[in-house]
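Novice: show me the folded form of this:
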Amino acid sequence: MPSLKTTYLLTYNTINTLLWFRILVPILLTPLQSPQTTYTTLEPWARWTQTLAILEILHAATGKKPTNLTPTKNTIGLTRSPIFTTFTQIFARSVQVWAINHAFPEITTLSPVYKSMLFAWSVADTIRYLYFVVLISGFEVPRALRWLRYSLFLVLYPIGIGSEWWLMFRATVVVENWAVKALFIFFLGLYGPGSVMMYSYMVKQRKKTLAGRA
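Specialist: Here you go, the predicted model:
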């Protein structure tokens, strides 16, 4: 019988796969849809789906990293994801969906960049969560799925991060509260080192995971 940990993680990743796929499908089927329609129909889905990912910070925080004395098979924590990297990505996206996309609809609604951001997010996360579903289920991960998981980010990350930065920049221009404006400018400055850190981490993961699997 699967353990409670396995059942929980399988359920969590399955739900997230379906939620992000639900966001991705209309983007693919209606590529010429107006930005306003995209925002109206998908913004609540994207906001709450991304909010659900806050649980992954707790997963990483409770994860017990394997050592010589505690091998991987005996790990009792939820995941082995690096807490700082996980927090950085989840925090940045949470700020984006609540403090930018939801708080400044006059900016996001009319911008085609919002759709490009959702496209990058939904493709990456549909594949990522599906990868974990297969892995946690105990099946051999198909080579194509593994390659997509550790290769598409090379294109999707610049699209997603660039879209996030632009929408936050536009919000910074129109916001009247100087304290909020200063905070947004601070966050905009963090995108440089933060994106380099995330991209470098994924490049290392790609080399490690795909080595010898070509």
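Novice: remind me, longest helix of the chain?
Specialist: helix 178-210 (DSSP state H).
Novice: for it, which positions count as buried?
Specialist: By neighbour count, and taking 16 or more other C-beta atoms under 10 Å as the criterion, the buried residues in helix 178-210 are 184, 187, 188, 191, 194, 195, 198, 202, 206. Any C-beta I mention is one placed from the backbone N, CA and C, and that applies to glycine too.
Novice: in CSV: the residues you listed, plus distance to residue 97 and pLDDT.
Specialist: Shown next, in CSV, are the buried residues of helix 178-210 (distance: C-beta to C-beta, whole Å; pLDDT from 0 to 100):
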residue, distance to residue 97, pLDDT
184, 15, 98
187, 14, 97
188, 17, 97
191, 16, 96
194, 17, 93
195, 18, 95
198, 17, 94
202, 21, 95
206, 27, 95
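Novice: farthest-separated two in these?
Specialist: Largest separation among these by C-beta to C-beta: 184 and 206, giving 31.7 Å.
Novice: ranges for the helices of this protein?
Specialist: When assigned using DSSP H, the helices of the chain occupy the ranges 4-29, 35-52, 55-62, 83-95, 105-108, 112-137, 143-149, 153-174, 178-210.
Novice: from the chain's centre, how far out does stretch 189-205 sit?
Specialist: 13 Å (C-alpha atoms, centre = their mean, to the nearest Å).
Novice: could you do stretch 142-153 as well?
Specialist: On the basis of C-alpha atoms, centre = their mean, the separation between the geometric centre of stretch 142-153 and that of its chain is 16 Å.
Novice: repeat that for stretch 179-186.
Specialist: Using C-alpha atoms, centre = their mean, the distance from the centre of stretch 179-186 to the centre of the chain it belongs to is 23 Å.
Novice: using CSV, list the CA coordinates for that stretch.
Specialist: As requested, C-alpha coordinates have been extracted for stretch 179-186 and formatted as CSV (Å, rounded to 0.1, in the frame of the first residue of the first chain):
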residue,chain,number,x,y,z
ALA,A,179,5.9,53.3,-0.8
VAL,A,180,4.4,50.7,-3.1
LYS,A,181,6.3,52.2,-6.1
ALA,A,182,9.6,51.9,-4.2
LEU,A,183,8.8,48.3,-3.3
PHE,A,184,8.0,47.5,-6.9
ILE,A,185,11.3,49.1,-8.0
PHE,A,186,13.1,47.0,-5.4
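Novice: picking up where we left off before, of the buried residues of helix 178-210, closest to residue 161?
Specialist: The shortest gap between residue 161 and any of the buried residues of helix 178-210 belongs to residue 195, at 4.8 Å (C-beta to C-beta).
Novice: so the closest one sits right up against residue 161, yeah?
Specialist: Yes - in terms of C-beta atoms under 8 Å, residue 195 counts as a neighbour of residue 161; the distance is 4.8 Å.
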